[in-house]
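Undergrad: Sharing a sequence plus its predicted fold:
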Amino acid sequence: MTKLSVLAAGLVFTGCASAHTIFQKLYVNGVDQGELTGIRAPDYDGPITDVTSNDIICNGGINPYHQPVSNAVISVPAGATVTAEWHHTLNQTANDPADPIDPGHKGPILSYLAKIPDATQSTVTGLQWFKIYEDGLTVSDGTWAVDRLVANKGKVSFQIPSCIASGQYLLRHEIIALHAASSYPGAQFYMECAQLNIVGGSGAKSPATVSFPGAYHGTDPGIKVDIYYPPLTNYTIPGPAVFSC
C-alpha cells in the first residue's frame with residue numbers, strides 16, 4: 001500500500017466519528033450475568049481523549065452513566081475466565097455495520113483490577129490498579145486486538161488471577177482506538193468498570209499497582225503513534241506489565 005493510500009484510509013477511519021462502543025455485559029465462566037448488570041456504562045458511546053482527566057478511570061464524567069447505575073456486584077471465582085461483551089450502542093439494533101465497533105478503530109484491549117472497599121461506591125479516584133490482560137498488534141499479519149474483537153462479535157475473554165486476595169474489586173476494561181493517534185490528543189479511550197466480588201483468592205501475591213490518571217501519558221509510544229505509515233514493526237501497549245501469578 002502506498003503512503004497516499006494509507007493516509008487516505010486513515011482519513012476515512014478518522015471520519016467515523018460516531019462509530020464508538022460500550023462495554024455492557026460480562027460472562028463468568030461462560031455464564032451471562034445480564035445486560036448492564038454490575039457495569040457502570042454511559043448512555044453515550046463516545047471516547048475519552050484526555051489521559052489526565054478523572055474520566056479516564058471508569059468514564060461517567062463527560063459521558064454520564066446510564067441511570068439507574070446497577071448496584072449488583074458480580075461474584076467471580078479467583079482463576080475464573082470472564083468475557084466482556086462490547087456493542088456500538090446501548091439497546092443495540094440489528095444490521096449495524098459499526099457493531100461492536102467500527103473496524104477502522106484499530107488498537108489494543110486491556111483489563112485492570114483495583115481492590116475497593118465497596119464495589120458499588122461512587123468514588124473511584126485514588127484506587128490502585130494492576131493490569132491482568134492485554135492484547136495489541138500481531139505484527140506478522142498486521143491484525144489488532146480490535147480486529148479479533150470484531151471477529152468474535154464483540155467478545156473478549158481473559159482470566160482473573162487465582163493468587164490475588166478475595167474481596168471486592170472494580171474491573172476496568174478498555175479499548176484504545178488509534179486511528180487518529182498521530183498527534184495528542186487523538187487516541188480514543190473507551191472504558192467501563194464492572195463491579196466484582198472475587199471469591200476463593202489465595203492472596204499469595206500482592207500486585208504492583210498504578211494510578212488513573214497517571215498510568216498513561218500523552219507522549220507514550222502506544223498512545224501517540226501513527227499506525228498507518230510507515231507500517232509498524234512493533235507496538236508498545238501503554239501502562240504497566242501484566243500481573244501474573
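TA: Alright, I've got the coordinates. Residues are numbered from 1 along each chain as shown.
Undergrad: give me the number of residues near residue 37?
TA: For residue 37, the number of neighbouring residues by other Cβ atoms under 10 Å comes to 16. For glycine as for every other residue, the C-beta is placed from the backbone atoms N, C-alpha and C.
Undergrad: ok, now residue 117?
TA: Neighbour count for residue 117, taken as other Cβ under 10 Å: 8.
Undergrad: what secondary structure does the residue sitting nearest the centre point of the chain sit in?
TA: In the chain, the residue lying closest to the centroid (Cα atoms, centre = their mean) is residue 174, at 0.8 Å. Following DSSP: H, G, I helix; E, B strand; the rest coil, we place residue 174 in the strand state.
Undergrad: what residues are up against it?
TA: When contacts are counted by Cβ atoms under 8 Å, 6 or more residues apart in numbering, residue 174 touches 109, 110, 111, 112, 189, 190, 191.
Undergrad: Please report the distance of it from residue 227.
TA: From residue 174 across to residue 227, the span is 17 Å (Cβ to Cβ, to the nearest Å).
Undergrad: Equivalent analysis for residue 173, please.
TA: The value you get for residue 173 to residue 227, if Cβ to Cβ is used, is 21 Å.
Undergrad: Settle it for me: which of these two has more neighbours?
TA: Applying other Cβ under 10 Å to residue 173 and residue 227 shows that residue 173 carries more neighbours, namely 24 against 21.
Undergrad: need the contact list for residue 225.
TA: 178, 181, 182, 187, 232, 235.
Undergrad: And for residue 183?
TA: residue 224.
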